[in-house]
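Novice: got a predicted structure plus its sequence, pasted below:
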Amino acid sequence: MTKADIIEAVYEKLGGFSKREAADLVELVFETLKETLTKQEKVKISGFGNFVVREKKARMGRNPQTKKPIEISARRVLTFKPSQVLKHTLNG
């Protein structure tokens, strides 16, 4: 599913909005999520799951082609943990 598909679904399910207004609404939600995660705050969507930014330390890895050790730099990663409601929905 793409962002355009989400906009279309919002447009169809919420009568009374134009397509442009539905697109603005979806963009606003995504922008709010990005801003919150950039501040390294947790995003919890009830009935859906949690988005958390984690810090990963620098570590040594290995180039699989040359077998030479290389340093993998420290970075932030986004993790998602689905809620129990979503897990039940997915697994019937």
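Specialist: Thanks, I have the structure now. Numbering: from 1, shown residues only.
Novice: only C-alpha atoms for contact and neighbour calcs from this point on.
Specialist: Fine.
Novice: strands of this structure, start to end?
Specialist: 43-45, 49-56, 59-62, 69-72, 75-82 (DSSP state E).
Novice: export these to CSV and tack on distance to residue 13, mean pLDDT and mean neighbour count?
Specialist: Output for these, formatted as CSV (distance: least, CA to CA, whole Å; pLDDT from 0 to 100; neighbours: other CA atoms under 10 Å):
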stretch, distance to residue 13, mean pLDDT, mean neighbour count
strand 43-45, 20, 96, 14
strand 49-56, 22, 96, 15
strand 59-62, 47, 96, 11
strand 69-72, 45, 95, 12
strand 75-82, 24, 96, 12
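Novice: quick one: these as JSON lines, columns for distance to residue 91 too.
Specialist: Converted to JSON lines, the strands of the chain look like this (distance: least, CA to CA, whole Å):
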{"stretch": "strand 43-45", "distance to residue 91": "19"}
{"stretch": "strand 49-56", "distance to residue 91": "15"}
{"stretch": "strand 59-62", "distance to residue 91": "36"}
{"stretch": "strand 69-72", "distance to residue 91": "36"}
{"stretch": "strand 75-82", "distance to residue 91": "12"}
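Novice: list the buried ones in the top helix by length along the chain?
Specialist: Counting by DSSP state H, the longest helix found in the chain is helix 19-38. Across helix 19-38, burial judged by 16 or more other CA atoms under 10 Å covers 22, 23, 25, 26, 37.
Novice: from the residues you listed, which single one is nearest residue 68?
Specialist: Closest approach to residue 68 among these (CA to CA): residue 37, at 34.7 Å.
Novice: so which elements touch the longest helix of the chain?
Specialist: helix 3-13, strand 43-45, strand 49-56 (3 or more CA pairs under 8 Å, 6 or more residues apart in numbering; DSSP states H and E).
Novice: ok, now with 6 Å
Specialist: Packing contacts for helix 19-38, counted by 3 or more CA pairs under 6 Å, 6 or more residues apart in numbering; DSSP states H and E, involve helix 3-13.
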